[in-house]
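>>> Got a sequence here, can you build the structure:
(one chain, ligands or ions: 3)
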Amino acid sequence: EEEGEKTLRSPICCIMGHVDTGKTKLLDCIRRTNVQEGEAGGITQQIGATYIPAENIRERTKELKADAKLNVPGLLVIDTPGHESFKNLRSRGSGLCDIAILVVDIMHGLEPQTIESLNLLRMRNTEFIVALNKVDKLYGWKTCRNAPIGKAMKLQSKDVQLEFEHRVTQVITEFKEQGLNTELYNKNKDRGETYSIVPTSAISGEGIPEMLLLLVQWAQKTMVEKLTYSSEIQCTVLEVKVIEGLGTTIDVVLVNGVLHEGDEIVVCGFQASANTLLGPIHTSIRSLLTPHPMKELRVKGAYIHHKEIKAAQGIKITAQNLEHAVAGTALYVVGPDDDVEEIKESVMDD
Ligand code: GTP
Ligand code: MG
Ligand code: NA
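Ligands and ions are numbered 1, 2, ... in the order given. Presented below is the predicted three-dimensional model:
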């Protein structure tokens, strides 16, 4: 059993939902960062990636006294935009993940991109939990900073509890209208058929412990096979970006396998201005960079240089000729026994 536990990779968790439900703010609360306030218009316009080590999850969930062991090294969280014009990015994010958090604003209930996200997740049979966010907006809410929601709820007045129950019932009904059974996480006896709702506040942190624990427990319980580390490279390009001092870089999510500095890679190329396929780009990895744990990949900051890096991780790659790399396509590594021409052909089929 020891052996098996060591081979699990970090689950990839996508955070999705309607615009301004608090997706980025929830991540800020977990990371203790301020990414959301730095966004233009407070709107997320790119996919992000943040690595949360198991020790941070353990720390944030310790009050729950759950004796659940963490068998995964951490959690790789993918932030997505909720604005309606970024459906392609939501689709890309949901296509990458093992599990998801669907965020719903408790004051608004289900909104158009909630339903769109829900359908993307159902299309791929992706497991998810619902974060019913902004509970601190309930009239008269008493702040219990970073407390488990179970504890925070008991400290609320009868009026707050009644309004809460009323809004939860409403949201459950709205999900039912979409053909989905949902229930508050602590009342959910039928996980698997019925999706769990965890009330949260991204501003005062209530419910974050339960949200993290539920995610990791569910992933560990139901996805052992999927999360068993495999050396076969599975890697997707998230973004192509020019970074001062680094030139054109690609941000990738490495789902499985190991990448090394110097690895020969092939990615799909496209010239947007001429609207023509350029053909495959064959280059080699100059540097493998990650942000520090608990920092967002899409925000420029200090990078850690790696000689090699193991999945699952969000990584910035620098290399020559990446200017026309295509976001959303697969990255291939040319192994010692591989035929480059064959790989080049399969790259362009994506
Ligand atoms: P997009 O990425 O643009 O779709 O938005 P988002 O879902 O990431 O929401 P974001 O984190 O940008 O938050 C939107 C607004 O809601 C911001 O003004 C946040 O401060 C506020 N907000 C987010 N979560 C909470 C919460 O739990 N309580 C309260 N009161 N406000 C919140
Ligand atoms: Mg956001
Ligand atoms: Na926003």
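>>> Leu76 falls within a helix, correct?
No - in this structure, Leu76 is strand, not part of a helix, as judged by DSSP: H, G, I helix; E, B strand; the rest coil.
>>> Please enumerate the strands of the stretch 201-350 of the chain.
Secondary structure of the stretch 201-350 of the chain (DSSP state E, counting those that start in this stretch): strands at 234-243, 247-256, 258-260, 264-267, 270-271, 276-277, 281-284, 287-291, 303-306, 308-310, 313-318, 332-333.
>>> looking at the ones you listed, which has the lowest confidence?
Comparing those by mean pLDDT, the weakest confidence falls on strand 276-277, with a mean of 68.
>>> picking up where we left off before, who wins for proximity to ligand 3 among the strands of the stretch 201-350 of the chain?
Nearest to ligand 3 among the strands of the stretch 201-350 of the chain is strand 234-243 (18.3 Å), distances taken as C-beta to the ion. Where you see a C-beta, it was placed from the backbone N, CA and C, and this is true even at glycine.
>>> Columns distance to ligand 2 and mean neighbour count on top of the strands of the stretch 201-350 of the chain, output as CSV?
Converted to CSV, the strands of the stretch 201-350 of the chain look like this (distance: least, C-beta to the ion, whole Å; neighbours: other C-beta atoms under 10 Å):
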stretch, distance to ligand 2, mean neighbour count
strand 234-243, 15, 18
strand 247-256, 16, 21
strand 258-260, 27, 17
strand 264-267, 27, 22
strand 270-271, 27, 15
strand 276-277, 32, 12
strand 281-284, 30, 18
strand 287-291, 17, 20
strand 303-306, 22, 14
strand 308-310, 26, 15
strand 313-318, 16, 24
strand 332-333, 31, 21
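>>> Kindly reformat these as TSV and extend each row with distance to Ala202.
Below are the strands of the stretch 201-350 of the chain laid out as TSV (distance: least, C-beta to C-beta, whole Å):
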stretch	distance to Ala202
strand 234-243	23
strand 247-256	23
strand 258-260	33
strand 264-267	35
strand 270-271	37
strand 276-277	42
strand 281-284	39
strand 287-291	20
strand 303-306	27
strand 308-310	30
strand 313-318	21
strand 332-333	38
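>>> Of all those strands, which one comes closest to Lys87?
Proximity to Lys87 (C-beta to C-beta) singles out strand 234-243 among the strands of the stretch 201-350 of the chain, at 15.7 Å.
>>> Please compute how far the closest one lies from its chain's middle.
Between the mean C-alpha point of strand 234-243 and the mean C-alpha point of its chain there is a distance of 15 Å (C-alpha atoms, centre = their mean, to the nearest Å).
>>> coming back round to it: can you add distance to ligand 1 and give the strands of the stretch 201-350 of the chain back as a markdown table?
As requested, the strands of the stretch 201-350 of the chain are arranged in a markdown table below (distance: least, C-beta to the nearest ligand atom, whole Å):
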| stretch | distance to ligand 1 |
| --- | --- |
| strand 234-243 | 15 |
| strand 247-256 | 17 |
| strand 258-260 | 28 |
| strand 264-267 | 27 |
| strand 270-271 | 26 |
| strand 276-277 | 31 |
| strand 281-284 | 30 |
| strand 287-291 | 18 |
| strand 303-306 | 24 |
| strand 308-310 | 27 |
| strand 313-318 | 17 |
| strand 332-333 | 31 |
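>>> Near whatever residue of the stretch 151-300 of the chain ends up closest to ligand 3, how many other residues are there?
Distance from ligand 3 to each residue of the stretch 151-300 of the chain (C-beta to the ion) is smallest for Ala202, at 10.9 Å. Ala202 is surrounded by 25 other residues when neighbours are defined as other C-beta atoms under 10 Å.
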